[in-house]
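Peer 1: need a 3D model of the following:
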Amino acid sequence: MHRTPSPISTLYIDSIDATLQATLPLFFGGVLAQPHPMSFALYCCVRVSENVLNHCGMESPLLTLVSLKFLPLRAAPSFHDYHHRYSNYHGSAKNYGENFVVWDRMFGTASRRAARDA
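Peer 2: Numbering: from 1, shown residues only. Below is the predicted model:
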């Protein structure tokens with residue numbers, strides 16, 4: 001478990017997790033929507049870039065603007081850091097999503113501190 005994630009730590013994601021959260025949705029989205037190959041490639045690059053951003057531990061006004069993290073219910077990289085610190089404790093499961101805080105707020109899985117920082 002990485003307490004402070006880094007872009008390199010994304011390489012350690014479990015293969016089943018990577019398949020369920022990234023590979024299958026991208027595959028089925030591409031098959032169903034049939035986007036232009038360049039549009040699909042750009043979208044895949046954006047998703048990978050966002051994953052790296054969420055694990056870089058950096059926040060700045062420019063990154064917030066470019067990644068649209070200023071929009072309501074969008075999770076800042078610091079919010080996702082809580083996932084890496086507190087999500088593996090038995091009996092008090094936490095989610096701390098990568099992109100949106102809505103699930104943590106809806107199901108009460110965010111600590112008060114994480115919710116305040118979101």
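Peer 1: how far away is residue 14 from residue 29?
Peer 2: Residue 14 is 21 Å from residue 29, where distance means Cβ to Cβ, to the nearest Å. (Glycine included, C-beta is placed from N, CA and C.)
Peer 1: more neighbours, those two?
Peer 2: More neighbours surround residue 29 than the other of residue 14 and residue 29, with 13 against 9 (other Cβ atoms under 10 Å).
Peer 1: list the residues that contact residue 98.
Peer 2: If you count contacts by Cβ atoms under 8 Å, 6 or more residues apart in numbering, residue 98 has them with 50-51, 54, 75, 80, 83.
Peer 1: quick one: which of these is nearest to residue 100?
Peer 2: residue 75 (5.9 Å; Cβ to Cβ).
Peer 1: was I right about the closest one contacting residue 102?
Peer 2: No: between residue 75 and residue 102 there is no contact under Cβ atoms under 8 Å: 9.1 Å.
Peer 1: quick one: the strands in this protein?
Peer 2: With DSSP state E as the criterion, the chain has no strands.
Peer 1: in it, which residue is most central in space?
Peer 2: residue 98 (2.1 Å; Cα atoms, centre = their mean).
Peer 1: burial count for the residue nearest to residue 64 when sequence neighbours are not counted?
Peer 2: Nearest non-adjacent residue to residue 64, counting by Cβ to Cβ, 6 or more residues apart in numbering: residue 70, 5.3 Å away. Here the count is done by other Cβ under 10 Å, and residue 70 has 10 residues near it.
Peer 1: how close does residue 70 get to residue 62?
Peer 2: 11 Å.
Peer 1: what about stretch 42-59, distance to the chain center?
Peer 2: 8 Å (Cα atoms, centre = their mean, to the nearest Å).
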